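Asks: Here is my input, please return the structure:
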Amino acid sequence: MTSAAPIQGRVLSGHNRISTQALTSLARTAAAEALGVDPHDVRADWTDDDGLLALSLVSPIRIPPLATVLRDAGRVAAFGGSIWDRTVDAKARILSTVTALSGARLSRVDIRISGVKPIEGGRVQ
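Replies: Next up, the predicted model:
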C-alpha cells in the first residue's frame, strides 16, 4: 500500500484557502482565551493593511470584583496586572496564536475593551 502523504519540502500544485468565517472564529476564540471571556462576547473584524491582515477586536475583559480589590489591591497583580497591561499582553498572544494556527500574515491586532466582567478567582489566562 502506498501513502498519499506528500514528501516533506515537496511543493504541490493547487491552493489552500481559509475562509473569513474560519479566521474570524479562530480570532474570537484566541481573544476570548487571552481576555478571559466567552468567544461569543468578542467581535472580530478584518481589514486589508497593504496586503497583510489587520485584526480589530472589541471585547469585554475579566477583572477581579471591585470590592475584593478595595480590600486587597494585590488581587490586580494576581489577575495579571492592570487592564491596560493585560490588553497589551493579549495583543501579542492573539497575533501569535492566529498566525501559528492559520498561517495568515497579520500586520497588527487592535483591541477595544468594551466592558468588564467581574469574576472570583486568581489569574485569568
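
Asks: what packs against the helix or strand of the chain with the lowest mean pLDDT?
Replies: None of the helices or strands of the chain scores lower by mean pLDDT, DSSP states H and E than helix 74-78, at a mean of 87. Helix 74-78 is packed against helix 66-71, with contacts defined by 3 or more C-beta pairs under 8 Å, 6 or more residues apart in numbering; DSSP states H and E. Yep, even glycine has a C-beta here, placed from its N, CA and C like the rest.

Asks: Alpha carbons of the helix it packs on, as PDB, please.
Replies: As requested, the backbone C-alpha atoms of helix 66-71 are provided in PDB (Å, rounded to 0.1, in the frame of the first residue of the first chain):
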ATOM      1  CA  LEU A  66     -14.000  45.700  42.800                       C
ATOM      2  CA  ALA A  67     -14.900  45.100  46.400                       C
ATOM      3  CA  THR A  68     -12.200  42.500  46.600                       C
ATOM      4  CA  VAL A  69      -9.700  44.900  45.000                       C
ATOM      5  CA  LEU A  70     -10.600  47.500  47.600                       C
ATOM      6  CA  ARG A  71      -9.900  45.000  50.400                       C
END
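
Asks: going forward, begin numbering at 233 instead of 1
Replies: Taking 233 as the first residue, the last one we looked at is helix 298-303.

Asks: What's the mean pLDDT across that helix?
Replies: What helix 298-303 shows for mean pLDDT is 89.

Asks: any idea how far the nearest residue to I345 once chain neighbours are set aside is from R337?
Replies: Distance criterion C-beta to C-beta, 6 or more residues apart in numbering; nearest residue to I345, sequence neighbours excluded, is I293 at 5.4 Å. Going from I293 to R337 by C-beta to C-beta, to the nearest Å gives 27 Å.

Asks: out of the two, which sits in the busier spot?
Replies: Neighbour count, other C-beta atoms under 10 Å: between I293 and R337, I293 has more, with 22 against 10.

Asks: Now name the helix or strand holding that one.
Replies: strand 284-295 (DSSP states H and E).
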